[in-house]
Each structure stands twice: as C-alpha cells, then as structure tokens.
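Colleague: from the sequence below, what's the structure:
(one chain, ligands or ions: 1)
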Amino acid sequence: MQPQVDSLSVNSGSSSGEPLLEFDRVGLEYPFEGKMRRIIQEVNLSIQPGEFVSFVGPSGCGKTSILRMVSGLSPAPIGEIRYRGTPIKKPLRNTGIAFQNPVMLPWRNTIDNVMLPLEIVDSYKKNYRQRKEEYVRMAQDLLATVRLQDFQKQYPWQLSGGMRQRASLCRSLIHSPEILLLDEPFGALDAFTREEMWGMLQNLWMKVKCVGILITHDLREAVFLSDTVYVMGARPSSIIYEVKIDLPRPRTLEMELSDEFNHYFASIRKHIQHN
Ligand SMILES: Nc1ncnc2c1ncn2[C@@H]1O[C@H](COP(=O)(O)OP(=O)(O)OP(=O)(O)O)[C@@H](O)[C@H]1O
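Modeller: As a prediction, this is how the structure comes out:
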C-alpha cells in the first residue's frame with residue numbers, strides 16, 4: 001500500500017542525494033501460538049543524512065522493532081535496510097541509543113558516564129590517553145548544551161530523572177554517531193520536563209548533525225522534533241501516512257501554539273489507528 005503523503009509541505013532537510021538509510025520492502029513476523037504472525041507488512045522509505053524522523057502508531061505495530069532492525073541487533077528478516085547502500089546484517093558501529101530509562105553506571109560521576117563511549121569505540125579508544133583533555137572538553141560542551149555544566153561531578157543518584165536523561169543523551173552523542181536511535185526517551189518524564197527536553201535534544205542533534213530516529217507516542221513531540229513523521233497503521237503494519245514538517249529551526253515551544261503546528265498535529269492524529 002502506498003502511504004498518503006502530505007504534499008502541501010516541503011521537507012526542510014535535504015531530500016536529494018544519496019540516502020543514508022533505505023528501507024526496501026521491509027517486513028517482520030514473529031512466532032505466535034505455533035504460527036508465524038505478521039507484524040510489519042511492508043515498509044519502504046529512505047532517510048537522508050542529517051534528517052530527523054519519527055515513527056508513530058498504535059501499540060504493537062512494530063515501532064521498536066524498526067529501531068532494532070536499523071541498529072542491526074535484529075536485522076530485517078524480510079526485505080532489507082541498507083546503510084549507505086549496504087544491507088544491515090550485523091550491529092552498526094556508529095549509532096547512539098537512548099531509551100526511556102537511562103542506565104548510568106552508579107560508580108561513575110556524570111562526566112565519566114558521558115565519556116564512557118570514548119573508552120569503548122575503537123577510533124576514540126586508541127587515543128584515549130593522549131586526547132583525554134580534548135575528550136573532557138567535548139563532554140563538557142555537550143553537558144553545557146543540556147545545562148548540566150554544574151553537575152559534572154555528581155553521581156547518578158544525585159540527579160533527577162530528567163537530568164539523568166539529559167546526561168544519557170550526551171553519552172549517546174559523544175562519539176559523533178551518524179545515527180541516533182531514540183526509543184520513547186522522554187516517556188517517563190512529566191509533561192513540563194518533557195517539553196524542556198525537546199529543545200535540548202534539538203540543540204544536541206543540530207550540533208552533532210546526525211540522523212535521528214525517534215519512536216514516540218507523543219504526536220506533539222514528533223512534530224516538534226522531526227523533518228518527517230511516519231505514521232504506521234495497525235498490525236500487520238505499513239506506513240499509512242507521511243508528513244514533512246516544514247517549520248523553521250531551531251523550533252521553540254511558542255511554535256506549538258501556532259496554527260501550522262496544530263495543523264500538523266491534527267493531520268497525524270487523524271491517521272492513528274488501533275490494534
Ligand atoms: N522477540 C519477540 N518474539 C515474539 N514477538 C515479539 C518479539 N518482539 C516483539 N514482538 C511482538 O511484535 C509486536 C511489535 O512489537 P514492538 O515492540 O516493535 O511494537 P511497538 O509498536 O514498539 O509497541 P509499543 O508502542 O507498545 O512499544 C508486538 O505484538 C510484540 O508482541
């Protein structure tokens with residue numbers, strides 16, 4: 001099935017050139033009560049370098065599974081997802097991941113938690129000792145972007161849930177990944193903190209200039225952050241609606257009150273189905 005595309009809008013991201021990711025007839029099924037059950041019927045789309053996209057849709061339609069397939073942790077069993085033209089068959093190296101409940105190492109303070117990937121990712125690890133001062137400055141810069149510059153030495157238990165999530169976003173971006181995977185990262189936060197986080201995530205993403213792929217149930221969050229929002233239908237799902245969000249960046253919370261923003265929200269809301 002071809003998704004309905006909102007043709008009134010123009011993508012603010014670059015839509016020409018080589019895509020970073022291509023979904024080519026991607027399907028998914030899992031065993032269920034002795035038979036295979038189709039979860040995703042077929043998804044076809046491409047994501048440009050630096051684009052921020054969101055997937056929304058009913059519970060169980062396969063949104064988190066999409067992230068797992070892109071990460072390479074569970075490669076697409078039907079069809080393929082290509083990264084720079086090559087099918088993803090094993091875990092991609094240059095990704096950053098943030099989940100709803102950030103896991104920080106309790107024995108490390110905030111800045112040491114943020115710097116953790118630099119001790120693990122090969123290209124940073126090999127120069128860790130020589131370049132440590134530079135790495136510290138990189139971490140401090142990211143922490144300042146999310147207003148945690150005064151909390152570098154605090155331990156995770158000394159931070160609020162929102163602060164831990166901010167630190168975790170910095171950690172997922174410190175190694176300059178090409179792809180940032182976000183699975184309901186703000187799902188556990190209260191509404192005000194959530195909205196504050198949108199702006200901070202936007203600032204981080206604009207700094208790192210990576211592809212962002214967000215899974216969310218919050219349609220306003222999807223509009224605020226995305227260049228493109230994909231709406232998945234009920235199981236077995238496909239993309240039933242796609243909309244380019246043509247709001248200028250950086251976006252502000254005031255924009256949420258605009259007619260344009262509400263038009264996007266309403267057009268997406270109208271297409272949400274139930275499983
Ligand atoms: N490893 C698995 N084995 C069997 N079924 C699975 C497995 N992982 C996911 N599923 C099923 O696949 C479907 C899609 O799961 P997924 O977590 O991707 O959905 P989702 O859209 O992210 O849901 P939600 O919005 O509730 O988080 C669900 O019905 C789930 O039960």
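
Colleague: how close does the closest residue in space to Gly79 that isn't next to it in sequence get to the ligand?
Modeller: Computed as C-beta to C-beta, 6 or more residues apart in numbering, the closest residue to Gly79 that is not its neighbour in sequence is Arg25, at 3.6 Å. No exception for glycine: its C-beta is placed from N, CA and C like everyone else's. Going from Arg25 to the ligand by C-beta to the nearest ligand atom, to the nearest Å gives 18 Å.

Colleague: a helix runs through Arg25, doesn't it?
Modeller: No - assigned with DSSP: H, G, I helix; E, B strand; the rest coil, Arg25 falls outside any helix and is strand.

Colleague: OK, contacts around it?
Modeller: By C-beta atoms under 8 Å, 6 or more residues apart in numbering, the contact list for Arg25 reads 42-44, 78-80.

Colleague: any idea which residue of this protein is furthest from its center?
Modeller: Gly34 (33.6 Å; C-alpha atoms, centre = their mean).

Colleague: what is the burial count for Thr228?
Modeller: Other residues lying near Thr228 total 24 when counted by other C-beta atoms under 10 Å.

Colleague: touching, it and Phe55? I think so.
Modeller: No - contact criterion C-beta atoms under 8 Å: Thr228 and Phe55 do not qualify, at 9.9 Å.

Colleague: residues from the chain in reach of the ligand?
Modeller: Taking C-beta under 6 Å from any ligand atom as the criterion, the chain approaches the ligand at residues 30, 39, 59-65.

Colleague: among those, which lie within helices?
Modeller: 63-65 (DSSP state H).

Colleague: please convert the buried members of these into ChimeraX selection syntax.
Modeller: Only the buried entries of these go into this ChimeraX selection, using 16 or more other C-beta atoms under 10 Å:
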select :63,65
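
Colleague: out of the ones in helices among the residues of the chain next to the ligand, which is nearest to Val243?
Modeller: Lys63 (16.5 Å; C-beta to C-beta).

Colleague: so what's that closest one up against?
Modeller: Taking C-beta under 8 Å, 6+ apart, we find Lys63 in contact with 55-57, 215, 232.

Colleague: and the pLDDT at it?
Modeller: pLDDT recorded at Lys63 is 97.

Colleague: and Lys153, how far from Arg171?
Modeller: To Arg171, Lys153 is 16 Å away according to C-beta to C-beta, to the nearest Å.

Colleague: and what of Lys209?
Modeller: For Lys209 relative to Arg171 (C-beta to C-beta), the value is 18 Å.

Colleague: which of those two has more neighbours?
Modeller: It is Arg171, of Lys209 and Arg171, that has more neighbours when counted by other C-beta under 10 Å, with 24 against 10.
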